[in-house]
Structure formats: structure tokens, C-alpha cells
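# sequence and predicted structure are below.
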Amino acid sequence: MTTTLSNLKVLVTGISGFIGSHLARRLAVEGAEVHGLVKNSSDLWRIQDLNNQINLHYADIKDFDSVRKAIQGIQAQKVFHLAAYVDVSRSFEVAEEMVEVNIKGTLNLLRALEGTGYDCFINTGTSEEYGDNPAPFREDQIPNPVSLYSASKVATTMFCQMLHKTLGLPILTLRPFLTYGPGQESNMLIPSLMKKVLEGEALEMTKGEQTREFNYVDDIVDGFIKASISPEAVGEIINIGNGLEYKIREVVEMVLKLVNSPIKPKFGALAYRPGETWHFYCDNTKARKILCWEPKVDLEDGLKRTINWVQKHYLEKVEERGAG
């Protein structure tokens, strides 16, 4: 396995997504030749500034022939597979799409890569695979999915582990924990909170005693980079997360303080969700040992960076609406 990404051909699926776009930017900085797999319907706003630094290939990951046709000429040495259908609802209506995209799509990609000589395929799992296991979550715990999304990811991880063991494919699975930063969808906790603050909305919340860990996106991307050049990582399942738990109310109060907001959150106005997970954070021993990875951005610094981006992006949107 090569231990540098300079001048290497790399393939990123899900390149237009939150983590994928940050990863593409970092890969370009590392000197890699970056190729991205996207659907015709993909919104490319996160990577529009990378037009001259990345090469896009169009395919539907659910369609094996289109995937094979799109990537057959790339001959990527490193593959970062982040494309996924994400919906953490409990609805049966999303079951077919979960299977088609997350399970079948991953297998289509691996089949299409046969004979191309790649030396590392990173399957992106999720912290959701642990479900309601006791925290801190460790890789040797038996997965306990609580949604169709997490169940599809568990199945994909199992397929990847099997293909490594039986066929010797150079596959590993990373499980990134809760991630935030510039460019994240506004339905996630931190960007949604910031948007409400900017628009002066009332903050009705639960008591906020449940704990979560929060990882700045640059740290998560660093985990992907290190995993791609660590031979010892192949065949492993590895958590990528700082393992530091914060009460939700502490994070809300920190954001309000950083933006000097006069808004007083109404803690306890909403009931906790049925089956609420009270502690959700990881044991990152394997990442530290195998990847020599460690988080670098603390929560306050990461929130400041994210706030700066959200404020700038929000003002640009307001100006666009005004101009229209």
C-alpha cells in the first residue's frame, strides 16, 4: 500500500455531500488526482469552487452498468466510499431505497472495481450501527441497529468484512461519529440551532441532559486520510471520534454565548423522544493506535469556525432574496 497520496488517483463517492466535499478539498491539497462519482441530480454547490481540481463522473450507484462505465477508465488506487441514503426515521417506506443504495450500491461499486488494482477501499459506516449499546461504543460490540438506516449500514459492513476475509479485498470500515462544520445540512442540531438564532426563533427544547460527542469535520477527514495510507487498517472496523461527551444543553448554551445571542432557550418545553439514547460517544483507542490519529479541533474552536461560515452563508442568502 502506498503511504502518500501525492499524484495518486483517488475516487470519492458522495463527493458532493457534507463530509465528501471536505474530503475532496483535503485530497486536492494532498496532491491527489481527485475523481468523484455523482448522480445527474446531485446538487454540487459544496464543490463548485473545486471545478478545476476534481474530475466528476456521472452514474447511479444503484445501476451496476452505469457505475462500471463511469469508473472503468479511472484506475483509482484509493477509493473513499461515502455515498449513502440517509434517513433515520423508523418508516418502512424507506426500506427499499436503503437496500438499493446502501447495500446493493456498495456491492455494485466493489464489483465495478474488480481488476483495477486499488489498494484501499474505505467503506463509510456510521456510529448509528451501535444503536442502544452501552457507551463508550467499541468496535468489538455486537451491532444493535435501531433504524432501517443503521440496519442497512450494519449489513454493508458485514458484506465488506466478509469480502476482505474470503477474497482478500483491501477493504476497511470507518465509523465516523457525530460531525459538524461548514456546509452541513440545516436539519442537523448545530446548523439548525445557528439558523434559528440568526432568525430570532424561539428555542423550544428538551431538558438537554442527554450527551453526545461532536467532531469538527476536519478531524473526521483526517481520519479518512490516515486510514487510506495505513496498511494495518485494512480489514479493520475503526471508530473516528473524539470520545468527549457533552450535554446537549451545554452545547446550546455555548453556541448562544459565542454569537452573543439574547435568546433564552426553553429547556424542557419538549418531551424526550421515545427510546432516547442518553449517552452516545465512542472509544477511539483503535484509531489512535492503528492510524496514529487524534482530534485536533476542540469544540469551542470548531463552533467558532462553523458560526463564521453560517453567518456568511446566511447573509449571502438574505442578500440573494433581497436582490430577487
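Yes, it's here. Residues are numbered from 1 along each chain as shown.
# could you use CA atoms for every contact and neighbour count after this?
Fine.
# low-confidence ranges, the stretch 201-324 of the chain, go.
The stretch 201-324 of the chain contains residues with pLDDT under 70 at 315-324.
# break down it into its helices, ranges please.
217-228, 248-258, 285-290, 299-323 (DSSP state H, counting those that start in this stretch).
# pick the most buried one from the ones you listed.
Comparing those by mean neighbour count (mean count of other C-alpha atoms under 10 Å), helix 217-228 comes out on top with a mean of 23.
# CA atoms only: put that one into CSV for me.
Output of helix 217-228 as CSV, limited to C-alpha atoms (Å, rounded to 0.1, in the frame of the first residue of the first chain):
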residue,chain,number,x,y,z
VAL,A,217,-15.3,17.8,10.1
ASP,A,218,-11.6,18.5,9.5
ASP,A,219,-10.8,15.9,12.2
ILE,A,220,-13.1,13.3,10.6
VAL,A,221,-11.5,13.9,7.2
ASP,A,222,-8.0,13.5,8.8
GLY,A,223,-9.2,10.1,9.9
PHE,A,224,-10.1,9.1,6.3
ILE,A,225,-6.8,10.3,5.0
LYS,A,226,-4.7,8.5,7.6
ALA,A,227,-6.8,5.3,7.1
SER,A,228,-6.1,5.3,3.4
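# just checking, T306 touches G181?
Yes. Look at T306 against G181 with C-alpha atoms under 8 Å: they come within range, at 5.1 Å.
# ok, the closest residue to A84 other than its chain neighbours to N123 distance?
Excluding the flanking residues, the one nearest A84 by C-alpha to C-alpha, 6 or more residues apart in numbering is N102, at 5.4 Å. Applying C-alpha to C-alpha, to the nearest Å, the value for N102 to N123 is 10 Å.
# hang on, the earlier thing: for the helices of the stretch 201-324 of the chain, which one sits closest to P176?
Closest approach to P176 among the helices of the stretch 201-324 of the chain (C-alpha to C-alpha): helix 217-228, 6.6 Å.
# contact partners of that closest one?
19, 22-23, 26-27, 78, 80, 120-122, 174, 176, 179-181, 233, 240-241, 287, 291-297 (C-alpha atoms under 8 Å, 6 or more residues apart in numbering).
# go on, stretch 151-164?
98-99, 102-103, 106, 123, 125-126, 129, 143, 145, 169-173, 235-236.
# mind checking which of those residues land in strands?
Among the contacts of stretch 151-164, DSSP state E puts N123, I171, L172, T173 in strands.
# quick one: which of those is nearest K69?
Closest to K69, out of all of the ones in strands among the contacts of stretch 151-164 and judged by C-alpha to C-alpha, is N123, at 20.9 Å.
# spit out the contact partners of E97.
Y85.
# go ahead and confirm P295 touches N242.
Yes. If you go by C-alpha under 8 Å, P295 and N242 touch, sitting 5.8 Å apart.
# what about these two, which has more around it?
N242 (27 against 17; other C-alpha atoms under 10 Å).
# tell me where this structure has strands.
9-13, 33-38, 54-58, 78-81, 120-124, 171-176, 179-180, 204-205, 211-212, 215-216, 237-240, 246-247, 266-267, 279-280.
# compare the ones you listed and give me the one nearest K69.
Closest among the strands of the chain, using C-alpha to C-alpha: strand 54-58, at 9.4 Å.
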